[in-house]
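Chemist: Mind looking at a prediction? Sequence and model below.
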Amino acid sequence: MAGRGEIPDRPDPLPIAVVDNHTHLDVRRHDVADAIAPGVDGERTTADVAAALAAAAAVGVDRVVQVGCDLESARFTVEQVERHPAMLGAVALHPNEVPALAAAGRLQEAWDEIEQLVAHPRVRAVGESGLDHFRTGPEGHAVQEESFRWHIDLAKRTGKALQIHDRDSHADVLRILADEGAPETTVLHCFSGDVAMARECIERGYLLSFAGTVTFNSAGDLREALAISPLEQVLAETDAPYLTPTPERGSANAPYLLPHTVRVMARTRGVDVPTMCRAVSDNAARVYGPW
């Protein structure tokens with residue numbers, strides 16, 4: 001276990017390689033030490049990404065989905081998926097980006113660029129889009145909802161998976177998906193609901209992606225939701241550099257720390273680690289296609 005701000009040691013490798021369903025390799029956290037490669041002048045470089053991917057592969061995380069959720073990071077994502085065979089991409093406008101774009105009169109322009117970037121053959125998902133009632137107040141909810149509906153339509157028009165951001169907005173997310181009709185493949189990124197929400201999502205055929213939060217001592221409700229989730233509807237993610245799993249909380253997260261989460265998922269779901277690894281890997285291949 002690393003001290004606060006230190007780079008954690010690599011966990012024991014997983015027995016079967018898995019996919020990190022959601023990571024942000026363009027983002028640096030300045031409040032803690034970087035996990036793998038510090039970057040230059042606050043920006044990630046291709047060499048940093050290659051180092052992060054190599055560290056992950058060494059512990060059995062051999063593929064990742066890089067998520068760009070503003071225009072700059074979406075462009076970075078497309079650039080990097082062309083360079084790294086282990087990486088596929090998802091791009092969208094994060095709900096917390098949308099109110100400022102709308103206020104500046106740039107939302108339609110931003111949507112147009114996202115639509116162009118989503119067309120890249122190695123971008124396999126629209127995401128992360130959704131609602132955030134934690135960081136955005138009531139004055140921004142209407143335009144967040146408008147943008148979420150636009151992204152749902154984009155996923156359906158392009159035949160790509162939808163990765164959803166849902167923070168303090170469970171009921172509204174489910175309502176809008178029901179109103180619009182969810183894309184054929186819909187993923188709740190960093191699932192944060194309770195058992196009741198998990199059952200609703202499972203019944204609708206959505207996939208639930210669990211992050212490092214499932215390892216937190218306080219996350220009993222989340223583990224209960226995982227415990228009732230069919231193996232064919234679960235994914236694992238880091239959301240790096242955020243949500244670092246126990247026992248490394250306080251350090252920056254990175255794809256190479258995903259084994260901590262996968263092992264807790266296996267224990268919570270009552271299966272052995274190889275079984276969980278196979279499920280996570282097979283589900284990701286079904287959602288995103290071949291790497």
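Modeler: Structure's in. What do you need?
Chemist: in the helix or strand encompassing Ala285, what's buried?
Modeler: For Ala285, the element it lies in under DSSP states H and E is helix 273-288. Residues of helix 273-288 classed as buried by neighbour count (16 or more other Cβ atoms under 10 Å): 273, 276-281, 283-284, 287-288. Yep, even glycine has a C-beta here, placed from its N, CA and C like the rest.
Chemist: By residue count, what's the longest strand in this protein?
Modeler: The residue-count maximum for a strand in the chain (DSSP state E) belongs to strand 123-132.
Chemist: pLDDT on that strand, on average?
Modeler: Here strand 123-132 scores 97 as its mean pLDDT.
Chemist: now it against helix 273-288, angle please.
Modeler: 100 degrees (axes from the mean of the first three to the mean of the last three Cα atoms, to 10 degrees).
Chemist: Tell me the secondary structure at the most far-flung residue of the chain relative to its centre.
Modeler: Distance from the centre of the chain peaks at Gly105, with 28.1 Å (Cα atoms, centre = their mean). In terms of secondary structure, Gly105 is coil; the call rests on DSSP: H, G, I helix; E, B strand; the rest coil.
Chemist: got a list of what it touches?
Modeler: Listed by Cβ atoms under 8 Å, 6 or more residues apart in numbering, Gly105 has no contact partners.
Chemist: Do you have the strands of the chain handy? List them.
Modeler: Using DSSP E, strands in the chain cover 18-23, 61-68, 87-91, 123-132, 161-167, 186-188, 207-210, 234-236.
Chemist: Mind putting those strands into a markdown table with distance to Asp12 and mean neighbour count?
Modeler: As requested, the strands of the chain are exported to a markdown table (distance: least, Cβ to Cβ, whole Å; neighbours: other Cβ atoms under 10 Å):
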| stretch | distance to Asp12 | mean neighbour count |
| --- | --- | --- |
| strand 18-23 | 14 | 29 |
| strand 61-68 | 12 | 27 |
| strand 87-91 | 24 | 27 |
| strand 123-132 | 30 | 26 |
| strand 161-167 | 29 | 26 |
| strand 186-188 | 27 | 25 |
| strand 207-210 | 20 | 26 |
| strand 234-236 | 16 | 26 |
